[in-house]
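*Asks:* following is a predicted model, sequence given first.
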There are 2 protein chains.
Amino acid sequence: MKKTNPNPRFTRLVAMLLAAGATCACLAPQALAQQEGRRRRAAAESKPVEITAEQSAMLTKIANDRKLNVDDLLAAAKTYTPSGRHDDYVLFSSGGQSGQIFAIGVPSMRLLRSIAVFTPESWQGYGFAGDDDPVRKRLEINGKPVLWGDTHHPALSETAGDYDGQFLFIGDKANARLGVIDLRDWETKQIVKNPLTVSDHGAAFVTPNTDYVIEGGQYATVLGYGYAPPEEYKKSYRGMVTMWKFDRSKGRIDESQSFAIELPPYWQDLADAGKLASDGYFFVNSFNAEMATGGVEKGNPPFEAGASKRDMDYLHIVDWKKAEAAFKAGKVKKINGFSVIMLDTSVSEGILYFAPEPKSPHGVDVTPNGQYMVVAGKLDPHVTVYSIEKVKKAIAEKKFSGKDDYGVPVLDFDAVKEVQVELGLGPLHTQFDNKGYAYTSLFLDSAVARWSLGGEYASLHAEQPWKLVTKTPVQYNIGHLCAAEGDTVSPDGNYLISMSKWSVDRFLCTGPLLPQNFQLLDISQGGTTMPVTYDLPIGVGEPHYCQMIKADKLKSWPVYPEVGWNPHTQMLDPNAPKKGEEGITREGNKVLVKMTALRSHFTPEHVEINEGDVVTWRISANETAQDATHGFCIGGYNVNLSLEPGEFSEFTFTADKPGTYPYYCTEFCSALHLEMMGYLHIKPKAGVSVKPTETTAAQK
Amino acid sequence: MKKTNPNPRFTRLVAMLLAAGATCACLAPQALAQQEGRRRRAAAESKPVEITAEQSAMLTKIANDRKLNVDDLLAAAKTYTPSGRHDDYVLFSSGGQSGQIFAIGVPSMRLLRSIAVFTPESWQGYGFAGDDDPVRKRLEINGKPVLWGDTHHPALSETAGDYDGQFLFIGDKANARLGVIDLRDWETKQIVKNPLTVSDHGAAFVTPNTDYVIEGGQYATVLGYGYAPPEEYKKSYRGMVTMWKFDRSKGRIDESQSFAIELPPYWQDLADAGKLASDGYFFVNSFNAEMATGGVEKGNPPFEAGASKRDMDYLHIVDWKKAEAAFKAGKVKKINGFSVIMLDTSVSEGILYFAPEPKSPHGVDVTPNGQYMVVAGKLDPHVTVYSIEKVKKAIAEKKFSGKDDYGVPVLDFDAVKEVQVELGLGPLHTQFDNKGYAYTSLFLDSAVARWSLGGEYASLHAEQPWKLVTKTPVQYNIGHLCAAEGDTVSPDGNYLISMSKWSVDRFLCTGPLLPQNFQLLDISQGGTTMPVTYDLPIGVGEPHYCQMIKADKLKSWPVYPEVGWNPHTQMLDPNAPKKGEEGITREGNKVLVKMTALRSHFTPEHVEINEGDVVTWRISANETAQDATHGFCIGGYNVNLSLEPGEFSEFTFTADKPGTYPYYCTEFCSALHLEMMGYLHIKPKAGVSVKPTETTAAQK
């Protein structure tokens, strides 16, 4: 054919691209980034805005064209976060039955990232590193893969009761597991499986210095994965709460130093650790103190009725320092290999007390000063506030109203109650601000209630103490809520998230499966002003709970500290191939591939092996620029890696399917990204016929 | 203990909840929804906004507090979408290596929902229905699970070249698969695996009436999953393009009526179907016409250099109506059981022609009137515009500049070229608006170029035809772009999405793995005005391509049409248990569980079976209210279902792990949601010891 070159700039451009080396294509954007960032910040910070009449007219026209009212414009101004500007807070939200965590910027309410925890997620390369992927291995339960979770309660690590931005924990309700995320690289480092129970609920909650991560239970079972028929419920079923010991220096839970506390077969629910005045205690709610066993199929009342008969359930008050001492003194039994403080020990050692709590409560939340525990009984229109001082006094003075069926002392309700505040229908969960207000979600009212705290908080606001101040309707049926740093010793106020469970008609119809609705409330002003300023559909799972941290507390790594870094060990990996070490070596049928990835090619570009080979494949991403991530996949082989700058990754597989397979970079990395590929040639065993290439047209 | 009842309203409230039946807890929100929606709409539409001086001062204060400038306020007003207001457009975006599709509302840029396609996703219950889950089965390749995909090009079904809102198709580049989504319920209904090739790229693109879904290839391999060493590249490797026949009445691809066209081993890339003037043709780009085989490890130029040497690659021009005729006439060979029109047939039947195209092109995009094909060669600063009229004429007049190495006629470049327009560095992909403009992404310039079309479009704008009009910088390195209905016969203009590949410092640092950046551009005005109005981090995968449809074209089901609906078959399922039919039956070790789910209980609440039983479990969600979704999981058994209103679901498993397992609803459905649970009791085989319950404290 005729060689046509209508554009002589081609050759120059390509020569420039290639001569400047692999990174050239992206140097420009990096520089541009800084330039643009500086420009924007300078523009924004240099001169105060004054809206001219002409600009006001433009705004008015847009508002009328889009049918916005002035409240909408104000809300837009409060939440809109311009190109390049960072959010003030990060909301770490459970992903519910997605098994993951979602990080959302506040106030823009933009989903910044998902973090894979219990469910393999290919774009992060989580669980897609071949046959022996350590992620898939650690997701096994009793030797079988359980490749999802129902994440409920994320918990940020704390120092002295304040978020320190270092670690994040989250529980898997469905399978009673706990995940540990390192916030330097936002990756899940560890998953522990509770050996006692099938499912849980109240995980995770940390003690004020993150000595322990608390995992409360939910549906009672036979501890240790045992079996018992429903008739033996009271005799054989038990609840539990587990204290997972966290080793901050290693960034891992130390299972050998962890233990559980046996509990009666009430259904334990949320937990919260004491702090300051209540440091050393934690609190766990329960429902189904009725010990109903359902059986609607036999004409019994269903659980929903049977578990809602009594007026009172039991707030569990646990002296965890005494529990720790009992564990260290060996006052435990082993169940399924795990140390358990049995009920009689808890009673005799003064570890466990109950207080009556109305009624089928969900949240128990400790005020920032640690003095009060707020219980929201979902079938009671009040929140009930307990005083830790009164609790301690009642314990000391043995002010009991009796014992429960399992011998646990029940504190006298009136002796430990500070006050009850009537809020509305279906209270679930309470958060706090910096102005002496508490915020409680009302599921049935579909509202957020602001109410005034008493005691030493009374001076912070202008209201009568312990009173409902206002309610803001939310759409619809709020479950949990989350204020900025709202469960630390020093809440920030400013923002509150309503985790609204139903969206119904709030967003475009996405078929029969609809998103949830995270609504942002502006709580920066006191009194009755508390507008909803943003609705965010959550169409990636049903988040259960979240925590909001000031963004500048996070000290995340923009790239891995050194090239050849292994995120599983958080250190340089001696096996990481260096530039110049690439190649393929063989011992018998064991093949070792050493590869590097650098814009825009893999080295090597051909890997020729034999059918049946067992392959170990090691890749170093030799990039050091922020965002210079590569992917690596082998078509048809269920392998996909995410190779972040500096990351080392390894996978193994058995080459059991002969053929010629492209591998390629799955993350758009440069203008020559599509050329970042190679071929894996798996030569068939002798005697195995290869697909005849003769059926295709012969090359001319 | 003392029965304490401090709040007499308890009993009434609970009685009310239970007496009103299972649905009471959520009737209120439904009514509230309508009420609130009406209120908002009425408020917004009744009176035009006039911003008072006081309101202007409030806006100014917020702007200054948040360091917003007036452009920011205008952008906020253009994008902010108040609580309850619906977006105008839905952007269906590939999810890249996540394997999924993301639906995003425009202009609010809120992620409405993910749609699971190639990767199991537990919150949707996709791939978590037990041992024989049909989703997992259809994700197998050569008998092995490949549980992820690299989704690249979503394609909405079209009628007469316009989106009709009925179906959505998407390709899996990594594994050469195609997914079919029904937009009535937003669920993946079918996945077809290309039997010829390991990976692809240019999928999916539809013909104007969705007769066929086009799957272009990418990295040449030995067709039919064969093997050949790199030395045999030219002889044995081949590209392909596959025409998947779509049966609209069944909502399924008909594999028996589908066929492929063999192509030379250039790396085929994007495809686009002709329309109107070019109806009956489709176009496929290619790069690596050099047939470079890389080998950097042997001192060869890497693919990135070797595949970028020549000034011209080949635009593939396919007369698909002739191809269809050849297929129907049996002029095919079978490769791996699939019909393939071989290269010599394509040449002899006049099915395939090439035109030279500069240089390593990515996108080929047909103008709305079908008259022009725009090719963006990523290493050429121009876009090259071809005329279909000239192409037809050149074919008729045999204006060839030669043949390629495989005998395909190459049309004379000057005979088919309409014009070249210089835009800048790294052009990739082009979209169109309703004002006679085209928009091309410039990867290296990191900008969106607006340029003027000529021909019959020249009268729509005030510019010289075929000229660059303006560029808007984007942050950073745009890949594809998408204008509202921008690849139909009638684009809307208004909005354009820049799929920016790098975000670097634009958002809070999320560790070494950063989000992409979808940027919204306001293209409603002509000329040089084209501001970025929103930045959306995409931290759930690296989306490759998207399409934007007017929201009112979607006729999605808010709930399934009838209770007992099977989404796999899209009809009422005869096996769906009806109310009153619930129960457990047994034949030998085969157990059938029939269950219903209705707020807030499952019937039955206990399922007692034996170790080793093979269980079929059927559940009907007897809900009819929008958003009344339930989940169903069995802890530790890797089962999670999403039971949308009316949905029937079935799963099977072998009860190989004895014990007592809670099952529960995983979607917050009412105030008594936590009580929506039951127990699966798997009785151990005789002789197998049960965990001793005696280690726990005996009930007093």
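*Replies:* Right, received. Where do you want to start?
*Asks:* and A:Gly161, its phi and psi?
*Replies:* Dihedral angles phi and psi of A:Gly161 (degrees, to the nearest 10) take the values phi 80, psi 10.
*Asks:* need the contact list for it.
*Replies:* When contacts are counted by CB atoms under 8 Å, 6 or more residues apart in numbering or on different chains, A:Gly161 is found next to A:208, A:275-276, A:279, A:370, A:488-489. The C-beta positions use only the backbone N, C-alpha and C, and glycine is treated the same way.
*Asks:* again, only this time at 7 Å
*Replies:* Residues counted as contacts of A:Gly161 (CB atoms under 7 Å, 6 or more residues apart in numbering or on different chains) are A:208, A:275-276, A:488-489.
*Asks:* do A:Ile609 as well
*Replies:* A:591, A:615, A:655, A:682.
*Asks:* that one pairs with what?
*Replies:* Beta bridges link A:Ile609 to A:Ile682, judged by DSSP bridges.
*Asks:* could you let me know which of the contacts of A:Ile609 ends up closest to chain B?
*Replies:* Nearest to chain B, judged by CB to the nearest CB, of these is A:Ile682 at 6.7 Å.
*Asks:* now check stretch A:473-487, is it near chain B?
*Replies:* Yes - using CB under 7 Å from any CB of the partner chain, stretch A:473-487 reaches chain B at A:475-477, A:479.
*Asks:* ranges for the helices of the stretch 251-400 of chain A?
*Replies:* With DSSP state H, counting those that start in this stretch, the ranges of helices along the stretch 251-400 of chain A come out as A:303-306, A:320-328, A:343-348, A:388-396.
*Asks:* against A:Val213, how distant is A:Gly105?
*Replies:* Noted for A:Gly105: a distance of 26 Å to A:Val213, by CB to CB, to the nearest Å.
*Asks:* the two: who's more crowded?
*Replies:* Between A:Gly105 and A:Val213, counted using other CB atoms under 10 Å in any protein chain shown, A:Val213 has the larger neighbour count: 27 against 23.
*Asks:* ok, the most centrally placed residue in chain A - contacts?
*Replies:* Closest to where the C-alpha atoms of chain A average out (CA atoms, centre = their mean) is A:Ile101, at 3.2 Å. By CB under 7 Å, 6+ apart, A:Ile101 lies in contact with A:92-95, A:114-115, A:117, A:151, A:154, A:168, A:170, A:181.
*Asks:* rerun at 6 Å
*Replies:* Applying CB atoms under 6 Å, 6 or more residues apart in numbering or on different chains to A:Ile101 gives the contacts A:92, A:95, A:115, A:117, A:154, A:170.
*Asks:* so where's chain A shaky on pLDDT?
*Replies:* Confidence mapping of chain A against pLDDT under 70 gives the ranges A:1-46, A:687-700.
*Asks:* ok so, going back, just the helices of the stretch 251-400 of chain A: most buried one?
*Replies:* Sort the helices of the stretch 251-400 of chain A by mean neighbour count, taking mean count of other CB atoms under 10 Å in any protein chain shown, and helix A:303-306 sits at the top with a mean of 24.
*Asks:* alpha carbons of that one, as PDB, please.
*Replies:* These are the backbone C-alpha positions of helix A:303-306, laid out as PDB (Å, rounded to 0.1, in the frame of the first residue of the first chain):
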ATOM      1  CA  PHE A 303     -40.200 -13.400  66.500                       C
ATOM      2  CA  GLU A 304     -41.400  -9.900  65.800                       C
ATOM      3  CA  ALA A 305     -44.200 -10.300  68.300                       C
ATOM      4  CA  GLY A 306     -42.700 -12.800  70.700                       C
END
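*Asks:* what does the stretch 251-400 of chain A have sitting close to chain B?
*Replies:* A:262, A:294-297, A:302-305, A:307-308, A:311-312, A:333, A:335, A:342-344, A:356, A:358-359, A:378-382 (CB under 6 Å from any CB of the partner chain).
*Asks:* and the end-to-end length of stretch A:113-123?
*Replies:* Criterion CA to CA, to the nearest Å; first-to-last residue distance in stretch A:113-123 is 11 Å.
*Asks:* that stretch and chain B, are they touching?
*Replies:* Yes - shown here: stretch A:113-123 in contact with chain B (CB under 6 Å from any CB) through A:113-114, A:119, A:122-123.
*Asks:* same question, stretch A:180-195
*Replies:* Yes - counting by CB under 6 Å from any CB, chain B is contacted by stretch A:180-195 at A:185-186.
*Asks:* quick one: end-to-end length of that stretch, please.
*Replies:* End to end - CA to CA - stretch A:180-195 spans 17 Å.
*Asks:* kindly report the same for stretch A:473-491.
*Replies:* 23 Å.
*Asks:* buried set for it?
*Replies:* If you call a residue buried by 16 or more other CB atoms under 10 Å in any protein chain shown, then stretch A:473-491 has these buried ones: A:473-489, A:491.
*Asks:* show me where chain A has its helices.
*Replies:* A:9-19, A:24-46, A:53-65, A:70-79, A:134-138, A:233-236, A:303-306, A:320-328, A:343-348, A:388-396, A:413-416 (DSSP state H).
*Asks:* now do stretch A:629-646: distance to the chain's middle.
*Replies:* Remark: stretch A:629-646 is offset 24 Å from the chain centroid, using CA atoms, centre = their mean, to the nearest Å.
*Asks:* how about residues contacting that stretch?
*Replies:* Here stretch A:629-646 has contacts from A:122, A:124-125, A:128, A:130, A:559-560, A:563, A:565, A:597, A:621, A:623-624, A:628, A:649, A:661-663, A:665-667, A:669, A:680, B:97, B:141, B:146, B:148, B:174-175, B:198-199, B:512-513, using CB under 6 Å, 6+ apart.
*Asks:* out of the residues you listed, which end up buried?
*Replies:* Buried residues within the contacts of stretch A:629-646, counting neighbours by 16+ other CB under 10 Å: A:122, A:124-125, A:128, A:130, A:559-560, A:563, A:565, A:597, A:621, A:623, A:628, A:649, A:661-663, A:665-667, A:669, A:680, B:97, B:141, B:146, B:148, B:174-175, B:198-199, B:512-513.
*Asks:* what about the residues of stretch A:113-123 next to chain B, which one has the most neighbours?
*Replies:* A:Ser122 (31 neighbours).
*Asks:* how near is it to A:Val559?
*Replies:* In this view, A:Ser122 and A:Val559 are 22 Å apart by CB to CB.
*Asks:* do the same with A:Pro658
*Replies:* According to CB to CB, A:Pro658 and A:Val559 sit 38 Å apart.
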